[in-house]
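1. Return atomic coordinates for the entry below.
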Amino acid sequence: MVDSEQTRTGESTPGAMEELARDPSSRKRFFKMMGSAGAAGAFGIFLAACGDDDDEKSSGATTPAKKDAKPAGGDVAIVNYALTLEYLEADFYKAVAASGLFKGKDQELIKVLGDHEQQHVDALTAAVGKLGGQPAAKPKTKFPLDSAQSVLELAATVENLGAAAYLGQADKIENQEILAAALSIHTVEARHAAVLNLLTKKPITPDGAFGKPASMEEVLPQVMPFIVS
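-> You can find the predicted model right below:
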């Protein structure tokens, strides 16, 4: 499991960022995951954060990093980014429900969480269409389902990351309806996270009284291990 605190402090992010920016195979997986409409804008963030090698070679200068730059694709890129995360969460809970690791009330909780994530997928898919964009393609996923405890810990990590991801995009959304929808989903992700934090004996609010946002650069490297194509 990836340590979200380590990633947020920047200890592991640069390597993953550079891989996405410079390695063609990783880049191909990223575009396939995000969909052509959202990927172009989101990938611009990665290039800005890493510095474009081609520009550096041609000019001889180093491009300054610009963290949290607004995606070139605007709200469509942001919604497709959120949609990709929701695809992963919905698939995750579907796989957990089918794993046989949970029974009774625990299994019902897993199904409720999964149903919420699927509703988020449906809502965000419709939102992209309303904005005149093309929804991101649904990626194929694979998750480690080794034990009930490890699955709960992974679920807590994913939900905390999801809540932080929505918070990280809130100030970049222009359309008021999209912002309202994103904040509505954010609150549910945060409630999921709180329940799972309790079940895994973690603080209900790991960041204290105020949630910490996470940028695309911080979030995407943590979810890429679950994308198989």
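2. Now for the residue lying closest to Ile173 once chain neighbours are set aside, how many residues are close by?
-> Nearest non-adjacent residue to Ile173, counting by Cβ to Cβ, 6 or more residues apart in numbering: Leu179, 4.4 Å away. Using the backbone N, CA and C atoms, a C-beta is placed for each residue, glycine as well. If you count neighbours by other Cβ atoms under 10 Å, Leu179 ends up with 17.
3. any idea how far Leu179 is from Ala170?
-> Distance of Leu179 to Ala170, computed by Cβ to Cβ, to the nearest Å: 7 Å.
4. again, but for Glu159
-> Counting by Cβ to Cβ, the gap from Glu159 to Ala170 is 17 Å.
5. who's more crowded, the two?
-> Applying other Cβ under 10 Å to Glu159 and Ala170 shows that Glu159 carries more neighbours, namely 24 against 13.
6. buried residues in the strand or helix carrying the more buried one?
-> Mapping Glu159 onto the secondary structure by DSSP states H and E places it in helix 148-169. Neighbour-count burial for helix 148-169, with 16 or more other Cβ atoms under 10 Å as criterion, is recorded at 151-169.
7. what is the rounded mean pLDDT of it?
-> The pLDDT scores in helix 148-169 average 97.
8. Poorly predicted segments of this protein, please.
-> Within the chain, the segments meeting pLDDT under 70 span 1-73, 229.
9. in it, which spans are helices?
-> Counting by DSSP state H, the chain has helices at residues 4-8, 13-22, 24-34, 36-50, 53-59, 74-99, 104-130, 148-169, 176-199, 216-223.
10. what's the burial count for Leu88?
-> 23.
11. quick one, what contacts it?
-> Pro139, Thr141, Val158, Val223, Phe226, Ile227 (Cβ atoms under 8 Å, 6 or more residues apart in numbering).
12. With Leu101 instead?
-> For Leu101, counting by Cβ under 8 Å, 6+ apart, the contacting residues are Leu145, Ser147, Ala148, Val151.
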